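Chemist: only the shape, not the letters, is given here:
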């Protein structure tokens with residue numbers, strides 16, 4: 001399934017444990033970069049969420065944030081992190097030894113230091129279940145949005161492929177005309193010289209000259225790459241990198257076609273191809 005790397009989802013939930021709000025947003029990135037912002041109450045679940053997200057996402061910078069507002073005082077108790085408190089006490093003792101004029105903070109200030117205390121809900125397991133269920137919902141909405149955006153981008157790529165197909169047909173038809181004109185023009189110039197030419201040698205030299213202008217190989221490769229683009233859009237796995245490579249190949253052939261062209265109409269068609277390929281390349285950067 002074609003999916004975009006950009007997306008957004010926000011879901012909320014409320015219960016006896018309080019109010020929860022998950023927010024997930026994603027942007028383009030070469031690899032999968034998961035970032036979580038969790039309150040202390042559920043920070044222990046981060047590895048679980050990270051593993052779950054990794055099964056649904058392949059690429060992109062994805063920020064997952066959870067906001068938690070407890071139901072109110074009396075719903076739980078305050079727990080003191082003794083290790084954190086010991087580390088803070090050790091740091092304060094060190095400061096008092098180095099700078100004797102500094103007054104030590106009172107107990108309330110120590111309690112307000114980040115990480116020293118945390119509110120524990122009356123039923124931590126109920127909170128964890130609610131957080132897990134809500135994350136499932138948020139992740140599903142996020143991936144659905146990426147899929148919808150991916151379908152739109154895939155259709156854009158298909159439309160551009162059709163336009164490039166039409167340009168290839170026009171270039172092939174025009175090249176046949178240009179080839180015939182070159183043939184007639186060189187015969188006419190030879191006749192103007194009023195000299196006797198070896199017909200076999202003349203045609204041999206003419207064929208060599210026309211081969212330098214032959215664009216049939218470039219047109220065939222362009223068509224082949226377009227077939228690969230369409231096939232990639234039907235694959236179930238992420239194909240962003242594959243499509244990016246195909247855009248490079250399409251652009252290379254279009255550049256060669258433009259450089260070989262000795263006709264204004266063919267050159268214009270080649271330029272239009274390059275514009276379409278660049279539009280496709282920009283959109284492919286958004287695909288997973």
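Modeler: Looks like it came in fine. Just so it is clear, the structure is predicted and the values come from calculations on it, not from any experiment. Residues are numbered from 1 along each chain as shown.
Chemist: any idea how far the helix or strand residue 129 falls within is from the chain center?
Modeler: Using DSSP states H and E, residue 129 maps to helix 124-192. Here helix 124-192 shows a centroid-to-chain-centroid distance of 15 Å under the convention C-alpha atoms, centre = their mean, to the nearest Å.
Chemist: tell me what that helix is packed against?
Modeler: With contacts taken as 3 or more C-beta pairs under 8 Å, 6 or more residues apart in numbering; DSSP states H and E, helix 124-192 sits against strand 7-15, strand 18-27, helix 46-56, strand 60-70, helix 199-213, helix 216-232, helix 240-260, helix 264-284. Glycine gets a C-beta too; all of them are placed from N, C-alpha and C.
Chemist: quick one, it and helix 240-260 angle?
Modeler: Angular relation of helix 124-192 and helix 240-260 on a 0 to 180 degree scale: 20 degrees, by axes from the mean of the first three to the mean of the last three C-alpha atoms, to 10 degrees.
Chemist: picking up where we left off before, which stretch in the helices and strands packed on helix 124-192 is the model least sure about?
Modeler: Lowest mean pLDDT within these: helix 199-213, a mean of 66.
Chemist: ok, back up a step: including mean neighbour count and distance to residue 131, could the helices and strands packed on helix 124-192 go into JSON lines?
Modeler: Listed next are these as JSON lines, based on neighbours: other C-beta atoms under 10 Å; distance: least, C-beta to C-beta, whole Å:
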{"stretch": "strand 7-15", "mean neighbour count": "16", "distance to residue 131": "9"}
{"stretch": "strand 18-27", "mean neighbour count": "19", "distance to residue 131": "6"}
{"stretch": "helix 46-56", "mean neighbour count": "14", "distance to residue 131": "9"}
{"stretch": "strand 60-70", "mean neighbour count": "19", "distance to residue 131": "7"}
{"stretch": "helix 199-213", "mean neighbour count": "11", "distance to residue 131": "67"}
{"stretch": "helix 216-232", "mean neighbour count": "16", "distance to residue 131": "37"}
{"stretch": "helix 240-260", "mean neighbour count": "18", "distance to residue 131": "31"}
{"stretch": "helix 264-284", "mean neighbour count": "18", "distance to residue 131": "36"}
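Chemist: re the thing from before, and the helix holding residue 129 with helix 46-56, angle?
Modeler: Using the same axes, to 10 degrees: helix 124-192 against helix 46-56 is 30 degrees.
Chemist: residue 157: which of the helices and strands packed on helix 124-192 is closest?
Modeler: With C-beta to C-beta as the criterion, residue 157 lies closest to helix 264-284 of those, at 5.6 Å.
Chemist: quick one on the thing from earlier: can you lay out the helices and strands packed on helix 124-192 as a markdown table showing distance to residue 99?
Modeler: Formatted as a markdown table, the helices and strands packed on helix 124-192 follow (distance: least, C-beta to C-beta, whole Å):
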| stretch | distance to residue 99 |
| --- | --- |
| strand 7-15 | 47 |
| strand 18-27 | 41 |
| helix 46-56 | 37 |
| strand 60-70 | 38 |
| helix 199-213 | 83 |
| helix 216-232 | 65 |
| helix 240-260 | 56 |
| helix 264-284 | 58 |
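Chemist: report the angle between the helix holding residue 129 and strand 7-15.
Modeler: Interaxial angle, helix 124-192 versus strand 7-15 (the same axes, to 10 degrees): 170 degrees.
Chemist: about what we covered before: closest one to residue 39 among the helices and strands packed on helix 124-192?
Modeler: Minimum separation from residue 39 across the helices and strands packed on helix 124-192 (C-beta to C-beta) falls at strand 60-70, 4.5 Å.
Chemist: shaky segments in the stretch 51-200 of the chain?
Modeler: The stretch 51-200 of the chain contains residues with pLDDT under 70 at 72-78, 100-102, 104, 108, 111, 115-123, 183, 186-187, 189-200.
Chemist: what domains does the record give for this structure?
Modeler: Domain assignment for the chain by automatic domain parsing gives 7-75+122-147, 82-111, 148-284.
Chemist: using CSV, lay out these together with distance to residue 1.
Modeler: What follows is the domains of the chain, written out as CSV (distance: least, C-beta to C-beta, whole Å):
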stretch, distance to residue 1
domain 7-75+122-147, 6
domain 82-111, 45
domain 148-284, 6
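Chemist: looking at the helices and strands packed on helix 124-192, which is closest to residue 168?
Modeler: Relative to residue 168, the nearest member of the helices and strands packed on helix 124-192 by C-beta to C-beta is helix 216-232, separated by 5.3 Å.
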